[in-house]
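Chemist: Please find the sequence and the predicted model below.
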Amino acid sequence: MSNSFKTGACRLRIMRAMDKSKQPETTFAATQATSTSSAARPPGPAGIGFQQMRAMRRDYLGTVGGWHQRWGDVVQQRLMVYRDYSFLHPEHVRELLVASHEQLIRWPRATEIFASAHGQSVLVAEGSAWKRQRQMLQPGFAPKRVDALLPLMVAAGQQALQRWQGAGREAFGFEAAMTQLTMEVILRSLFSRSDEAQGRAAAEAVHVLSLVAMGEFYWPVSSPLWAPWKAPKRRALATLDGFIRRELARRREDDTPHDDLLDMMIRARDPEGRGFDEGGLRDECMTTFLAGHETTAAALTWWGWCMASHPQEQQAIAEELDQVLAGRAPTAADLPQLPRLSRSIKETLRLYPPGAALLTRIASTPVRVAGFEIPPGAMIRLTPALTQRDPRWFQEPEAFRPERFDPGSGHGEIPRGAYLPFGAGPRVCLGSHFATTEMMVIGALILQHHRLAPVPGLAPPTPRLDITLRPSQALQLRLERR
Ligand code: HEM
């Protein structure tokens, strides 16, 4: 199997020609950074960006990867009204996301598009509002709290496996099954209940919103929501909003104690003792629901493919599961005893990070990075999918090699900033522990009694960026009893 991003005829072999030495200090970028005064601009395509915007819309990763292949670690150009800077090097990624995070805000256009569904949740907010929301939510996503939700993940996984019995001998809609299952998990974690019909309607609405949002990113302004051609977006937003508000109303009338994420949000207080108001609760629930299942479904889909296409690795994980679990369901205490399963998930997230391109940032004040001074208002682009396939940091970057995450394997240390499927710095994914726990549980439940295999005659999936990185055709696999 080839894991490279096949982008039409173009295949990304990022930076291979630039530096095979794996020594960061000898890279083109480092040379460039030390020899450049802050007045100089990094190299990049000429023009005002029409062509580049068209190319990005057609094939985002291929286009941005192509710039870096040609121009180096820091690429700068004009993209319509913006001065656009794209970074690839792990040190620059950390300089931006960790050291300079207070000088960056999310790209307002992306914020505007996301806000139509997410309101002013932690994903969208900036400055002191973001800090307050993040501090209020963080304890609810801490490992101990997430571990308490694990039995519920197990129950959802076991029910799903029962539903799938016998369904997958020929071809099984693996991607659709992962989307349904991760939605089930997040609904139960949030509201302690789930409803199949509601889940199906919500899944359809999420799909419509993703398609619309991908189109909107490449237009400078959105037409108003009342415009006749906005009917699908209007309907999708109304479906999701109605569904979250109904759950909030249900909880108001329910006196029984719950130990779920909504309960955590209702009880959360800021340092002044204030909680979320009704609108705030709605927004945080919406973000937890949307951010909490789409990305995990994409990750599990790619993990399924990596397992199906690497039967030996899959067999070794199955043996580890037999040894540690001996047929019983996993508990939180078991997860650290499953390093092989854990490494397979980490490697999947390296090759196919669902957040293949981080939400683009804007410099709010001058930012100095890589020896260049980035002016206020400039756009900053970071692309984990490219950094994570850079041969300077990952030997055989396009191969599935879970052992690279085994410190004893001799693969060498991965530089900080080179592996960032959950982002980095203060705005790192709030749900990273939730997501890894869920993937471990579902992965263990699947491979305990089943084997995943490719469907004969179907071509290997190719990645496509639709908000999350997904196979361009819905992934089908065979699910066989082992
Ligand atoms: C494999 C699954 C997941 C991946 C790969 C992922 C990835 C990411 C990334 C890369 C970011 C940072 C975006 C940026 O810096 O621009 C992010 C932010 C976020 N994620 Fe996740 N995520 C996953 C699952 C989840 C889950 C399960 C939840 C909640 C239950 C969640 C909630 C959030 C929230 C609330 C933010 C915004 C944090 C902030 O701005 O302070 N994510 N995620």
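Modeler: Arrived safely.
Chemist: mind listing what Leu335 touches?
Modeler: The contact partners of Leu335, taken as CB atoms under 8 Å, 6 or more residues apart in numbering, are Ser342, Thr437, Met440, Val441. All C-beta spots, glycine's among them, are computed from the backbone N, C-alpha and C.
Chemist: What is the nearest of these to the ligand?
Modeler: Taking CB to the nearest ligand atom as the measure, Thr437 is the one of the contacts of Leu335 closest to the ligand, at 9.2 Å.
Chemist: ok, is the helix or strand hosting the closest one in contact with the ligand or not?
Modeler: Element membership for Thr437, per DSSP states H and E: helix 432-449. Yes - applying CB under 6 Å from any ligand atom, one finds helix 432-449 in contact with the ligand at Phe434, Ala435.
Chemist: And that helix, what does it pack against?
Modeler: Judged by 3 or more CB pairs under 8 Å, 6 or more residues apart in numbering; DSSP states H and E, the packing partners of helix 432-449 are helix 143-148, helix 150-164, helix 174-191, helix 294-308, helix 311-325, helix 339-351.
Chemist: Tell me the buried residues in the longest one?
Modeler: Going by neighbour count (16 or more other CB atoms under 10 Å), the buried part of helix 174-191 is 174-175, 177-191.
Chemist: same question for that helix, mean pLDDT?
Modeler: Here helix 174-191 scores 94 as its mean pLDDT.
Chemist: need the next SSE after it, C-terminal direction.
Modeler: As assigned by DSSP H and E, the chain's next helix or strand after helix 174-191 is helix 196-216.
Chemist: Please state the offset of that next one from the chain centre?
Modeler: 17 Å (CA atoms, centre = their mean, to the nearest Å).
Chemist: Which of the residues in it are classified as buried?
Modeler: Residues 198-199, 201-203, 205-206, 208-210, 212-213, 216 are the ones in helix 196-216 that count as buried (16+ other CB under 10 Å).
Chemist: CA-only coordinates of whatever helix or strand comes next after that helix in CSV, if you can.
Modeler: Counting by DSSP H and E, the next helix or strand C-terminal to helix 196-216 is helix 231-252. Taking Å, rounded to 0.1, in the frame of the first residue of the first chain, the C-alpha atoms of helix 231-252 are listed here in CSV:
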residue,chain,number,x,y,z
ALA,A,231,-31.7,26.6,2.4
PRO,A,232,-29.7,23.4,3.0
LYS,A,233,-27.4,25.2,5.5
ARG,A,234,-30.4,26.8,7.2
ARG,A,235,-32.1,23.4,7.6
ALA,A,236,-29.0,21.7,8.8
LEU,A,237,-28.4,24.5,11.4
ALA,A,238,-32.0,24.3,12.6
THR,A,239,-31.8,20.5,13.0
LEU,A,240,-28.7,20.7,15.1
ASP,A,241,-29.8,23.7,17.1
GLY,A,242,-33.2,22.2,17.8
PHE,A,243,-31.7,18.9,18.9
ILE,A,244,-29.2,20.5,21.4
ARG,A,245,-31.9,22.8,22.8
ARG,A,246,-34.3,19.9,23.3
GLU,A,247,-31.6,18.0,25.2
LEU,A,248,-31.0,21.1,27.4
ALA,A,249,-34.8,21.5,28.1
ARG,A,250,-35.0,17.8,28.9
ARG,A,251,-32.2,18.1,31.5
ARG,A,252,-33.9,21.2,33.1
